[in-house]
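K.L.:
Just need the structure, nothing else, for what follows:
(2 chains)
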Amino acid sequence: MSSQARVQALFQEPACDKNQAKDENARKKGCSKPLTPGAAAGGCAFDGAKIVLQPVTDAAHLIHGPLACEGNSWDNRGSASSGPDLWRTSFTTDLTELDVVMGQGEKKLFKAIREIVEAHAPPAVFVYATCVTALIGDDLDAVCFRASERFGTAVVPVHSPGFAGSKNLGNKLAGEALLDHVIGSHEPGDVGPTDITILGEFNLAGEFWMVKPLLEKLGMRVRACIPGDARYLDIAGAHTARANMMVCSTALINLARKMEERWGIPYFEGSFYGVSDTSEALRQLARLLVREGADPSLVVRTEILIAEEEARVWARLESYRERLSGKRVLLNTGGVKSWSVVAALQEIGIEIVGTSTKKSTDEDKERIKALLKDEKHAFDAMAPRDLYAMLAAGKADIMLSGGRTQFIALKAKTPWLDINQERSHPYAGYDGMVELVRQIDLAIHNPVWADVRAPAPWDLPAGGRVDAFDGDAEFVAHSRKKFVATTADDMGEC
Amino acid sequence: MAKIVPVSKAASVNPLKSSQPLGAAFAYLGVEGAVPLFHGSQGCTSFALVLFVRHFKETIPLQTTAMDEVATILGGADHLEEAILNLKARAKPKLIGVATTALVETRGEDFAGELAAIKARRAVELDGTEIALAQTPDFDGAIEEGWSKAVLAMIESIARREVRARRNARRVNILPGSHLTVADIEHIRSMVEAFGLEPAIFPDISGALDGTVPASWVPTTYGGTAIDDIRSLGDAALTIAIGEQMRAPAQRIEELTGVEYALFRQLYGLKAVDRFVALLTELSGRAAPASIRRRRAQLQDALLDGHFHYSGKRIAIAAEPDLLYGLSAFFVGMGAEIQAAVTTTGHSKVLEHVPCDVVKIGDLGDFEAMAEGADLLVTHSHGRQASERLDVPLMRVGFPIFDRLGSQHKLRVGYQGARDLIFEAANIFEGARQEATPDSLNPFLNRESNHGRRAASANREH
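P.N.:
Numbering: from 1, shown residues only, chains lettered A, B, ... in the order given. This is a model prediction of the structure:
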């Protein structure tokens, strides 16, 4: 299938509600909005593909292209590994002008694969096309096929050059690569009735490890978590799972649907962010597994675990109510991954004073309306200047967003917390919700805010300059004299 | 208000303190043309000397009265006299700073009387050399106390005792505590000068101990506070004391000369420096120069970028009182909390203001026991063993620092120093960041320990 045909096929995703809600014409345009030159932000398809596949920890990831694609982006994600760390080593063919002009790309790629296999003996090498190598027509499939044959190692071509489209498209193209070359290529010898796979979970900051023990306590076995902390062979045997959970909305929906078509694995879309969503995910997994033949007692055991864990997490969250009740949160993120996070925040008295609905569906917008007291608090997208003005005016106590708007908050001297992929704190599962609230608490109550907002001494009126720091009006009259006689005890912290 | 918990055990394990005479010698070393003289046995001097050399990597002029068995029994006055005369003949110092040690203090003599007699008897030979006496037995105090007593001793014996009708309106006495580095003092000097004021810094270790290479061999200190500046302390418009340990010297200057003082408990962090700048503005009548304004803006940005690394971190600090107080205030100001605070002696009034529940008077053994599970240890180089055993990174502050170079050039005061300090500790946090493991995040394994503590600490009032 040509790349163009593959992309078109992805745009026709029958399992995607958003896609299905569109008319025929709109669907052809694809699921991402057309990019506006001069006003585009966000990653390309190559970025998206790499994001999805790179956390496969024991594989080598070789980027076939000139330096920028890999050289400017490597070692930038916070997925955690419990074992191999080959995935963090950066491999690229670093094509030169001569390579491009003389058509030496394929040869260089073949050699690069050999060097990697000889030096690291990985179970697989993922080879990523980039704009330049797609443009000059390097035959990635042929090289990978030959290399795989010659070196006896799986070599997987990933066709997702940057110009193909957005990051989201790249996510899906990576899913296609897994379907075409990986999943189903290995038959594990220990297939069981409670095997599951998790799709679209990246194990950022290791957060899936907060959830996995819950699943294991219920007797569920995670055959593969794709891609967070994954081993290549686990993914290769993922077709033997009995149930599939799709996290992170639609990034890998094509993978979920096709796994159901090919191997009859039922799936559902869920989230491990927030209390009720975590419980609901456990419930759904249990239900699907029982439907597929697992011991029916699983459902009851799941309910018992949920009851215990929810009681515990609410008790822990309650301890923050006093400190956080009435605090105003501004959510500025492409799409809130889970509304149950918002619900949990509101449960302990936190107010949501605004949320972006940029990537939300109509259904999402309905949920936002239901959750927010004031409909006006939902905005489509806010220009940085307006955002700055809102924060500088003190209309929110904290902004939760991704790294790109970080400095809008900081320059407005407003607390900020990263809730996107660069973050370094784990927020999944019940304990993750507590961690999120704890981080909000720490950010809001950090004493540094009082310091950075304090006026500079030269901005204070003469005469009152010295005393302004004490906030004591009586000092103003004889400032200098008073100051001179002042000693440590009177001077507070100085 | 922190509760001060006194020493409760007999055996000190891994001492935190350095002795009081060492602190006195340290202050004398900040005076130009000085030789500190320990009145005690040779070892007292030699150990202090070696420790100074390990820290500063400089030749340190430090002498001893070399008390022997006979002198210990019969009295050490003639040893003191001989030492002073020898020093005068060999090194021609402008100041001989005498610091008594535990040996002679235990014996108990009238040192002041003896010294007065020696000065009278040898007036001709000793002409041109000041002699100060600080009584600093090793069994009391530590560096801070010794430093403070030596400064007092120099004020007593050198400063002119008169209340001047006309003072120099531009002159400011600066009395830095022993915890300030060479870089700190140089920075304070340039800040004060930036307002057109003339700082007289006393003591000024920036000249003597900052690692410059003189053109010829000098047997005394070189650089440092000029004797004339000590003599004329009473000419200043104001004394600025930095650190609680400098309160007594500042008060004494006021008693003797009428020059009033302002005391800064510390100069770490934005608020303290704002106040310092405000005072300089008032004193000089000049606006803060652009360079200082720019440093403040940089510090604001460092506060914003740096605070993420400090939020919720638990810090264990062992240091002398003023340094302990200043750094604790800094860390708490960045959003961290003080898990353990250990200090050398309980004399300082600043201790009750340390922002934590308990300040323990103790040693590095106590520190190690209290610091388990902390994110950062902050103490001098001897903390390295605890750092290894606890697997917690160590930020080196105070004295002695013998396993890192350039400790004297670490700037921590002023806007610029606060900026550097933010980055210094944040980089240690970054470097020591432990990647999460399945076990570290497992909700069933961490039920009571990890998360329990986290919730508890979150509930504590900041």
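K.L.:
can you map out the strands along the stretch 301-450 of chain B?
P.N.:
Residue ranges of the strands in the stretch 301-450 of chain B, as given by DSSP state E, counting those that start in this stretch, are B:314-318, B:337-343, B:358-361, B:376-379, B:394-396.
K.L.:
closest one to chain A among these?
P.N.:
Proximity of the strands of the stretch 301-450 of chain B to chain A was assessed by C-beta to the nearest C-beta; the nearest stretch is strand B:337-343, lying at 10.3 Å. Quick note: C-beta positions are derived from backbone N, CA and C, even for glycine.
K.L.:
Residue in chain A with the shortest distance to chain B?
P.N.:
When you check chain A against chain B by C-beta to the nearest C-beta, the closest residue turns out to be A:Gly206, at 3.2 Å.
K.L.:
need the contact list for that residue.
P.N.:
Taking C-beta atoms under 8 Å, 6 or more residues apart in numbering or on different chains as the definition of contact, the neighbours of A:Gly206 are A:80, A:229, A:426, B:435-438, B:440-441.
K.L.:
pLDDT wise, what is it at?
P.N.:
Confidence at A:Gly206, expressed as pLDDT, is 93.
K.L.:
Now do the closest residue to it other than its chain neighbours: how many residues are near it, please.
P.N.:
Distances taken as C-beta to C-beta, 6 or more residues apart in numbering or on different chains put B:Ala436 closest to A:Gly206, at 3.2 Å, once the chain neighbours are dropped. When neighbours are counted by other C-beta atoms under 10 Å in any protein chain shown, B:Ala436 registers 21.
K.L.:
next one: phi and psi at B:Ala436?
P.N.:
Summarising the backbone geometry of B:Ala436 under the convention degrees, to the nearest 10, its torsions are phi -70, psi 150.
K.L.:
Tell me which residue in the stretch 1-150 of chain B sits closest to chain A.
P.N.:
Here the residue of the stretch 1-150 of chain B nearest chain A is B:Met1; by C-beta to the nearest C-beta that distance is 11.9 Å.
K.L.:
ok, that residue - contacts?
P.N.:
B:352-353.
K.L.:
what about it, distance to B:Pro355?
P.N.:
Counting by C-beta to C-beta, to the nearest Å, the gap between B:Met1 and B:Pro355 amounts to 10 Å.
K.L.:
Next up, the contacts around B:Ile158.
P.N.:
With C-beta under 8 Å, 6+ apart as the criterion, the residues that contact B:Ile158 are B:95, B:130, B:132, B:227, B:230-231.
K.L.:
What parts of the stretch 251-400 of chain B come near chain A?
P.N.:
Residues of the stretch 251-400 of chain B found near chain A (C-beta under 8 Å from any C-beta of the partner chain) are B:260-266, B:269-272, B:274-275, B:277-279, B:281-283, B:287-288, B:293, B:296, B:300, B:303-305, B:307, B:310-312, B:329, B:332-335, B:349-350, B:353.
K.L.:
change it to 6 Å
P.N.:
B:260, B:262-265, B:270, B:272, B:274-275, B:277-279, B:282, B:288, B:296, B:300, B:303-304, B:307, B:311-312, B:329, B:333-335 (C-beta under 6 Å from any C-beta of the partner chain).
K.L.:
Kindly export stretch B:342-355 (C-alpha atoms) in CSV.
P.N.:
Once non-C-alpha atoms are left out, stretch B:342-355 reads as follows in CSV (Å, rounded to 0.1, in the frame of the first residue of the first chain):
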residue,chain,number,x,y,z
VAL,B,342,22.0,20.6,63.5
THR,B,343,24.3,23.3,64.9
THR,B,344,27.5,23.7,66.9
THR,B,345,26.6,25.6,70.0
GLY,B,346,23.5,27.0,71.6
HIS,B,347,24.7,30.5,72.3
SER,B,348,23.2,32.3,69.3
LYS,B,349,19.9,34.0,69.5
VAL,B,350,19.3,33.4,65.8
LEU,B,351,18.7,29.7,66.4
GLU,B,352,15.1,30.0,67.6
HIS,B,353,14.3,31.7,64.3
VAL,B,354,15.5,28.8,62.1
PRO,B,355,12.4,27.8,60.2
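K.L.:
average pLDDT across that stretch?
P.N.:
Mean pLDDT, computed over stretch B:342-355, is 94.
K.L.:
Over to stretch B:363-374?
P.N.:
96.
K.L.:
now do stretch B:192-207
P.N.:
When pLDDT is averaged along stretch B:192-207, the result is 95.
K.L.:
Residues contacting that stretch, please?
P.N.:
With contact meaning C-beta atoms under 6 Å, 6 or more residues apart in numbering or on different chains, stretch B:192-207 is reached by B:27, B:30-31, B:170-175, B:182, B:185-186, B:189, B:223-225, B:229, B:280, B:284, B:286, B:289.
K.L.:
I'd like to know which of these are buried.
P.N.:
With burial judged by 16 or more other C-beta atoms under 10 Å in any protein chain shown, the buried subset of those is B:27, B:30-31, B:171-175, B:182, B:185-186, B:189, B:223-225, B:229, B:280, B:284.
K.L.:
Mind checking which of those land in helices?
P.N.:
Using DSSP state H to define helices, the subset of the buried ones among the contacts of stretch B:192-207 located there is B:27, B:182, B:185-186, B:189, B:229, B:280, B:284.
K.L.:
buried stuff in stretch B:385-401?
P.N.:
Counting neighbours by 16+ other C-beta under 10 Å, stretch B:385-401 gives B:386-387, B:390, B:392-401 as buried.
K.L.:
Let me have those in CSV, extended by pLDDT and distance to B:Val70.
P.N.:
Conversion of those to CSV gives the following (pLDDT from 0 to 100; distance: C-beta to C-beta, whole Å):
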residue, pLDDT, distance to B:Val70
B:Ala386, 95, 43
B:Ser387, 96, 46
B:Leu390, 96, 49
B:Val392, 97, 50
B:Pro393, 97, 51
B:Leu394, 97, 46
B:Met395, 98, 48
B:Arg396, 97, 43
B:Val397, 97, 43
B:Gly398, 96, 38
B:Phe399, 94, 34
B:Pro400, 95, 33
B:Ile401, 95, 39
